[in-house]
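Participant: okay, sequence plus prediction incoming.
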Amino acid sequence: MELDIVALSRFQFALTALYHFLFVPLTLGLSTLLAIMETTYVMTGRQIWRQMTKFWGTLFGINFVLGVATGIVMEFQFGMNWSYYSYYVGDIFGAPLAMEGLMAFFLEATFVGLFFFGWDKLSKVGHLVATWCVALGSNFSALWILIANGWMQNPVGSALNPQTMRMEITSFFDVVFNPVAQAKFVHTVSAGYVCASVFVLGISAWYLLKGRHIELAKRSMTVAASFGLASSLSVVVLGDESGYLSTEHQKMKLAAIEAMWETEPAPAAFTAFGFPDQEARETHYAVHIPWVMGLIGTRSLTTEIPGISELEKMAEQRIRSGIEAYDALANIRAAGLQQQTIAPEAQDTFAELGHELGYALLLKRYVDDPREATDEQIAKAAADTIPHVPTLFWSFRIMVGLGMFFILLTATFFWLSARRRLDRYPLLLKLCVLAIPLPWVAAELGWVVAEFGRQPWVIEGVLPTAVAVSSLGAETVLLTILGFAALYTVLIVIEMTLMIRAIREGPSDDDDPEAPIISNAVVPAAE
């Protein structure tokens with residue numbers, strides 16, 4: 001990849017997004033687990049559940065602060081590094097971001113304060129309401145962000161205004177209830193729940209191995225195993241829905257994930273293993289499972305899934321149609337600027353082919369005016385619609401393999417919890433501790449599949465990434481990349497230090513129901 005402004009801007013956004021997404025899943029999952037634990041406390045009145053809520057709440061608070069700090073930077077990047085993107089789609093993309101800030105973030109941030117400082121100032125029920133509001137705020141925040149991202153994957157409810165050269169909303173309902181956005185929301189939130197569940201399982205397992213805070217650890221594992229098993233299963237189901245929607249809206253992404261170079265007779269096989277070779281356009285040592293891909297991708301036995309080569313030819317045709325739309329748009333704009341009557345032919349052509357305009361913009365990498373593109377340049381632009389296949393192929397398979405592991409892990413501890421044998425198998429407890437980072441690996445790979453898979457588009461079929469960047473010097477962007485990398489590294493070291501310290505110290509003894517009372521002072525029970 002050349003170190004040009006496009007590559008550097010993409011790398012910077014990827015870097016900050018990947019850092020930010022280290023904190024988001026845990027915030028989503030822990031906020032809901034806290035609400036469940038405190039609900040149990042209010043219903044039973046047992047102090048152990050209050051202690052659990054406060055302890056895991058401390059870890060949530062550390063993570064929440066770092067998530068906010070890294071998230072704010074990302075929104076500024078739209079104006080700094082992606083100014084044409086912001087101009088072109090700001091009327092649409094800005095709406096859900098504004099809703100996220102006004103409706104979700106303020107709700108979450110307000111009640112986070114009540115959660116931490118309201119234990120002795122609010123009633124039990126009042127504090128429980130505050131905790132649930134934190135959880136709802138976290139999930140609402142994810143909803144609006146993913147509505148914005150889902151629109152980038154499937155730009156519905158919008159149209160280009162030829163005079164202003166800006167995308168405008170034609171149906172806010174379609175934007176909000178975009179099926180891609182809804183599937184991404186539930187899938188991403190469920191992945192966050194899995195992250196938090198494995199996090200709680202692993203730390204609780206560490207306490208059991210050390211013989212510390214036994215009752216808190218066992219109850220925490222019971223909640224996390226139950227919640228994690230349900231979440232792990234839902235991730236698989238909702239991932240299947242995302243794959244099905246990709247067949248409709250992002251065919252090239254699906255073909256690249258499968259390294260499906262040529263169209264196969266329906267139902268297509270699933271490639272369980274192999275080594276994709278993008279230059280040779282073949283997959284070495286491929287292991288196929290018959291019918292599975294056809295059933296997942298189309299939910300039928302008769303519908304074909306187009307291969308990469310066929311989709312490339314279709315892209316070339318769409319580029320040629322886009323050139324006609326580009327010419328019609330140029331005529332419409334020229335007539336508008338000169339206050340002349342717009343030719344009906346230009347209006348009719350743009351009405352018919354305007355949806356292909358984005359494909360003509362792919363030529364901007366090679367020629368200033370797409371109408372002057374040669375056949376060779378059109379072929380290059382069509383080839384650009386193919387993302388890096390090996391990256392998607394392996395990212396997807398590692399992510400799915402980890403998803404299966406999480407189902408097995410949470411199901412095992414759910415069974416052990418039901419039989420009250422959580423502390424009987426030290427090897428399983430050690431495995432649980434070692435598994436703590438794995439949900440983050442799966443979540444980051446899921447981000448790679450979703451975002452890297454739609455390249456070269458920043459908005460699928462509408463605006464290429466290469467057109468969306470700001471006019472900045474490569475040195476300027478490189479300097480900010482180094483600055484962000486240094487700052488974010490410091491932040492993650494701070495978070496890990498605070499997390500490890502809080503975990504080692506354990507829950508506060510103030511709420512320990514097992515602590516004996518000696519001379520009116522509460523001291524920890526002997527372990």
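Facilitator: Cool, got the structure. Numbering: from 1, shown residues only.
Participant: list the contacts for residue 256?
Facilitator: Residues near residue 256 by C-beta atoms under 8 Å, 6 or more residues apart in numbering: 308, 386-389, 392-393, 453. Quick note: C-beta positions are derived from backbone N, CA and C, even for glycine.
Participant: and with 6 Å instead?
Facilitator: 387, 389, 392 (C-beta atoms under 6 Å, 6 or more residues apart in numbering).
Participant: so for the helix or strand where it lies, mean pLDDT?
Facilitator: Using DSSP states H and E, the element containing residue 256 is helix 251-258. What helix 251-258 shows for mean pLDDT is 92.
Participant: just the C-alpha atoms of it, please, in PDB.
Facilitator: The C-alpha coordinates for helix 251-258 follow below in PDB (Å, rounded to 0.1, in the frame of the first residue of the first chain):
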ATOM      1  CA  LYS A 251     -22.100  -9.400  -2.900                       C
ATOM      2  CA  MET A 252     -18.400  -8.700  -3.400                       C
ATOM      3  CA  LYS A 253     -17.700  -8.700   0.400                       C
ATOM      4  CA  LEU A 254     -19.400 -12.100   0.700                       C
ATOM      5  CA  ALA A 255     -17.500 -13.500  -2.300                       C
ATOM      6  CA  ALA A 256     -14.200 -12.300  -0.800                       C
ATOM      7  CA  ILE A 257     -15.000 -13.800   2.600                       C
ATOM      8  CA  GLU A 258     -15.500 -17.100   0.900                       C
END
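Participant: which elements pack onto the following helix or strand past it?
Facilitator: Downstream of helix 251-258, the first helix or strand assigned by DSSP H and E is strand 270-277. Judged by 3 or more C-beta pairs under 6 Å, 6 or more residues apart in numbering; DSSP states H and E, the packing partners of strand 270-277 are strand 282-289, helix 389-418.
Participant: how far out from the middle of the chain is strand 270-277?
Facilitator: With C-alpha atoms, centre = their mean, to the nearest Å as the basis, strand 270-277 stands 24 Å off its chain's centre.
Participant: stretch 422-429 now?
Facilitator: With C-alpha atoms, centre = their mean as the basis, stretch 422-429 stands 33 Å off its chain's centre.
Participant: just the terminal-to-terminal distance for stretch 155-166.
Facilitator: Start to finish, the residues bounding stretch 155-166 are 13 Å apart (C-alpha to C-alpha, to the nearest Å).
Participant: and it, how far from the chain's centre?
Facilitator: With C-alpha atoms, centre = their mean as the basis, stretch 155-166 stands 26 Å off its chain's centre.
Participant: quick check: buried residues in that stretch?
Facilitator: By neighbour count on 16 or more other C-beta atoms under 10 Å, the buried set for stretch 155-166 is 155-158, 160, 162.
Participant: could you give the number of residues near residue 397?
Facilitator: The local packing of residue 397 (other C-beta atoms under 10 Å) involves 16 other residues.
Participant: how far away is it from residue 390?
Facilitator: As judged by C-beta to C-beta, to the nearest Å, residue 397 and residue 390 stand 11 Å apart.
Participant: worst mean pLDDT among the helices and strands packed on strand 270-277?
Facilitator: Going by mean pLDDT, the lowest-scoring of the helices and strands packed on strand 270-277 is strand 282-289, which has a mean of 90.
Participant: now the element after it, going C-ward?
Facilitator: Next element after strand 282-289 (DSSP H and E): helix 292-298.
Participant: now that next one: average pLDDT?
Facilitator: The model assigns helix 292-298 a mean pLDDT of 81.
Participant: and for it, what are the contacting residues?
Facilitator: Residues outside helix 292-298 that contact it (C-beta under 6 Å, 6+ apart) are 243, 247, 258, 266-270, 305.
Participant: now it: buried residues?
Facilitator: Applying 16+ other C-beta under 10 Å to helix 292-298 flags 293-294, 296-298 as buried.
Participant: how far out from the middle of the chain is that helix?
Facilitator: On C-alpha atoms, centre = their mean, the centre of helix 292-298 falls 23 Å from that of its chain.
Participant: the particular helix or strand that has residue 30 in it - contacts with which helices or strands?
Facilitator: In this assignment (DSSP H and E), residue 30 forms part of helix 24-44. For helix 24-44, the contact count by 3+ C-beta pairs under 6 Å, 6+ apart identifies helix 47-80, helix 124-153, helix 179-210 as packing neighbours.
Participant: just the ones you listed: most buried one?
Facilitator: Counting by mean count of other C-beta atoms under 10 Å, helix 179-210 has the highest mean neighbour count of the helices and strands packed on helix 24-44, with a mean of 24.
Participant: for that one, give the mean pLDDT please.
Facilitator: The average pLDDT within helix 179-210 is 94.
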